[in-house]
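# need a 3D model of the sequence below.
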Amino acid sequence: MTSTYRFAVGLGMTISFLTLSVFAQSAGPEVNHFASEGISFDYPAGYSVTDESTAEVQRFTLTQRGSSVQVVIVAKRGFIRRTELSVAIEDFAEPLVKNVTIKVGQGKRTPVRTNIQTQVGQMEVEGLRLRASGGTRTGEVIWFRMHFRLIGLAFVRSDVDESVGSKLWQNIRSSLGVEAPVLAATTTGVEPSGGQVVGGVMNGKALALPQPPYPAIARAAHASGTVTVQVIIDEQGDVTSAHAVSGHPLLQAVCVAAARQAKFSPTLLDDEPVKVTGVIQYNFVSQ
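The predicted structure is shown next:
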């Protein structure tokens with residue numbers, strides 16, 4: 001074997017080894033993404049998600065066949081003001097705690113409750129850890145307010161599934177996304193009711209309101225009148241959605257484009273910025 005051949009073989013083996021090493025480092029467990037009505041989260045492959053939502057709350061349960069691990073996500077529909085939080089949490093959290101108490105104690109033991117703090121995204125949240133004396137199961141219940149919505153998470157597992165369950169629990173807490181409800185904007189503030197209902201005329205509240213051009217085809221057709229564009233404005237005052245709800249068809253496209261460039265002051269509810277919806281009106285006079 002010549003020295004050149006030995007060098008080529010050695011180089012090939014080195015490249016193969018490095019390729020395998022990079023693959024081994026980059027390969028990881030598959031992660032699924034779930035999203036429904038403003039709630040989203042990631043979770044490891046192998047788990048199933050059951051939607052048990054009602055008119056009052058969204059509820060999702062994650063389980064794995066052959067495993068004791070269970071995570072429940074509950075999100076109250078609508079929004080909760082800061083002044084309502086203490087009373088709302090008491091009514092909201094107790095059913096979750098009761099359910100976890102039954103599962104941890106297995107109907108025979110009364111679990112010991114320990115106050116805990118943990119992270120959900122960048123938030124520090126409070127909750128309870130439940131563990132029955134002499135038992136083999138542990139449960140955790142946490143609750144918090146995110147984007148005006150009340151959220152509860154429950155996590156139950158047996159000792160043998162602690163490691164596997166903790167990965168799921170970490171995935172959920174680090175990836176949980178909650179969209180803020182859209183409130184109806186008025187000239188004086190916001191209406192305290194959720195849902196994408198049409199709010200008032202927002203022209204007078206705009207910091208910047210670019211005017212649409214008068215399209216040549218519309219001018220030639222003597223198109224005129226008022227075009228109304230419904231917009232959703234985020235917590236920073238930027239328009240994130242715009243669509244025409246009335247007006248001459250030849251004028252609507254330029255109005256929607258102009259509305260997307262508008263800028264507003266953040267709308268506050270109890271000194272907290274909120275996402276709002278309202279309308280912008282543009283008037284065209286035929287010449």
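# what is the neighbour count of residue 218?
Residues lying near residue 218 (other C-beta atoms under 10 Å) number 20. Backbone N, C-alpha and C define where each C-beta goes, glycine included.
# do the same with the one 10 residues further on
Look at residue 228: counted by other C-beta under 10 Å, it has 17 neighbours.
# my read is that residue 92 contacts residue 76, right?
Yes - counting by C-beta atoms under 8 Å, residue 92 does reach residue 76; the two are 6.2 Å apart.
# anything in contact with each of the two?
residue 150 (C-beta atoms under 8 Å, 6 or more residues apart in numbering).
# is residue 114 in a bridge, and if so with what?
Beta-bridge pairing of residue 114 under DSSP bridges involves residue 129.
# next, the contact list for it, please.
Going by C-beta under 8 Å, 6+ apart, residue 114 touches 128-131.
# between these, which has the most around it?
For these, the largest number of neighbours (other C-beta under 10 Å) sits with residue 130, at 24 neighbours.
# next up, the contacts around the closest residue to that residue other than its chain neighbours.
Among residues not flanking residue 130 along the chain, residue 111 sits closest, at 3.9 Å (C-beta to C-beta, 6 or more residues apart in numbering). Residue 111 sits next to 101, 104-105, 130-132, 135, 139 when contact means C-beta under 8 Å, 6+ apart.
# ok, residue 72 touching residue 63?
No - using C-beta under 8 Å, residue 72 is not in contact with residue 63, being 9.6 Å away.
# okay, the two: which has more neighbours?
residue 72 (20 against 16).
# report the contact partners of the residue nearest to the more buried one when sequence neighbours are not counted.
In this structure, residue 72 finds its nearest non-sequential neighbour in residue 154, 4.3 Å apart by C-beta to C-beta, 6+ apart. Neighbour list for residue 154: 70-72, 74, 96, 99-100, 139-141 [criterion: C-beta under 8 Å, 6+ apart].
# again, only this time at 6 Å
With contact set as C-beta atoms under 6 Å, 6 or more residues apart in numbering, residue 154 has these partners: 72, 96, 100, 141.
# element containing it?
Per DSSP states H and E, residue 154 falls inside strand 149-158.
# quick one: buried residues of that strand?
Using 16 or more other C-beta atoms under 10 Å as the test for burial, strand 149-158 gives 149-157.
# what's the answer for stretch 89-107, then?
Buried residues in stretch 89-107, counted by 16+ other C-beta under 10 Å: 89, 92-93, 96-97, 100-101, 103-105.
# format the CA atom coordinates belonging to that stretch as CSV.
Output of stretch 89-107 as CSV, limited to C-alpha atoms (Å, rounded to 0.1, in the frame of the first residue of the first chain):
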residue,chain,number,x,y,z
ILE,A,89,-57.7,32.4,40.8
GLU,A,90,-59.4,30.9,43.8
ASP,A,91,-62.4,29.7,41.7
PHE,A,92,-60.2,28.7,38.8
ALA,A,93,-57.4,26.8,40.6
GLU,A,94,-59.3,24.7,43.1
PRO,A,95,-60.9,22.2,40.6
LEU,A,96,-57.4,21.6,39.2
VAL,A,97,-55.9,21.1,42.7
LYS,A,98,-58.8,18.7,43.6
ASN,A,99,-58.3,16.6,40.5
VAL,A,100,-54.5,16.3,41.1
THR,A,101,-55.1,15.5,44.8
ILE,A,102,-57.3,12.5,43.8
LYS,A,103,-54.8,11.2,41.3
VAL,A,104,-51.7,11.6,43.5
GLY,A,105,-53.4,10.1,46.6
GLN,A,106,-55.1,7.4,44.5
GLY,A,107,-58.2,7.8,46.7
